[in-house]
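Peer 1: My questions are about this predicted structure, shown below with the sequence.
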Amino acid sequence: MTAPSRPQPRTPHPLVAAFVRFVVCGGGVGLASSGVLVLLNDRIPMAIANVLVTVVSTVIATELHGRVSFRSNRKGWGVHLRSGVTVAVSYAFTTGALLCLYAVRSEPSALVEQTVYLSASALAGIGRFALLRIVVFADRTPAPDASLSKAAVAMAA
């Protein structure tokens, strides 16, 4: 009599696993950034606070995404600059969302303000994931040549 076999745990697709890590790292940085924006709201204009928070959180998030989300060995200022371009677009998107909110409501509550900010950040984050994976942290090793060499033909024969 044999023991009943246990089903093997399914491993998630690498893209799904990378996205989950990206969300956890980016979400954590995003939530911390949101709290900092609330603290800075009465001290400096929101657009300026958003710039400061975006720059600092980008440096932190880029390091986390490189090391944790994409498990990449790519480092240096080039990585941060390319990541910064994706953040510039995100900044424009989140600031635009906040400016639209202020056009509709001159003094929104902190809850509404944060809901708009976090929603815009989530949408921008999905776009950033794609760009970071494809452009910034992509594996740059050349694909093996699929053409048939003399040795491959000889071995196949």
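Peer 2: Sure, I can see it.
Peer 1: Let me see the ranges of the helices in the protein.
Peer 2: 14-40, 46-64, 77-104, 110-131, 150-156 (DSSP state H).
Peer 1: can you redo those as CSV with distance to Phe137 and mean neighbour count?
Peer 2: (C-beta placed from N, C-alpha, C; glycine too.) CSV is the format used below for the helices of the chain (distance: least, C-beta to C-beta, whole Å; neighbours: other C-beta atoms under 10 Å):
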stretch, distance to Phe137, mean neighbour count
helix 14-40, 9, 16
helix 46-64, 9, 17
helix 77-104, 7, 15
helix 110-131, 10, 16
helix 150-156, 32, 9
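Peer 1: Could I get the contacting residues of Leu52?
Peer 2: Leu52 makes contact with 40, 44 under the criterion C-beta atoms under 8 Å, 6 or more residues apart in numbering.
Peer 1: how far away is the residue nearest to Gly96 when sequence neighbours are not counted from Ala92?
Peer 2: Once flanking residues are discounted, Gly96 sits nearest to Ala120: 7.8 Å by C-beta to C-beta, 6 or more residues apart in numbering. Going from Ala120 to Ala92 by C-beta to C-beta, to the nearest Å gives 10 Å.
Peer 1: swap in Ser72?
Peer 2: Using C-beta to C-beta, Ser72 is found at 26 Å from Ala92.
Peer 1: any weak-confidence spans in this structure?
Peer 2: For the chain, the stretches with pLDDT under 70 are 1-4, 140-157.
Peer 1: Nearest residue to the most centrally placed residue in it in space, please, no chain neighbours.
Peer 2: Residue closest to the average C-alpha location in the chain (C-alpha atoms, centre = their mean): Phe129, at 4.2 Å. Using C-beta to C-beta, 6+ apart and skipping the chain neighbours, the partner closest in space to Phe129 is Phe22 (5.1 Å).
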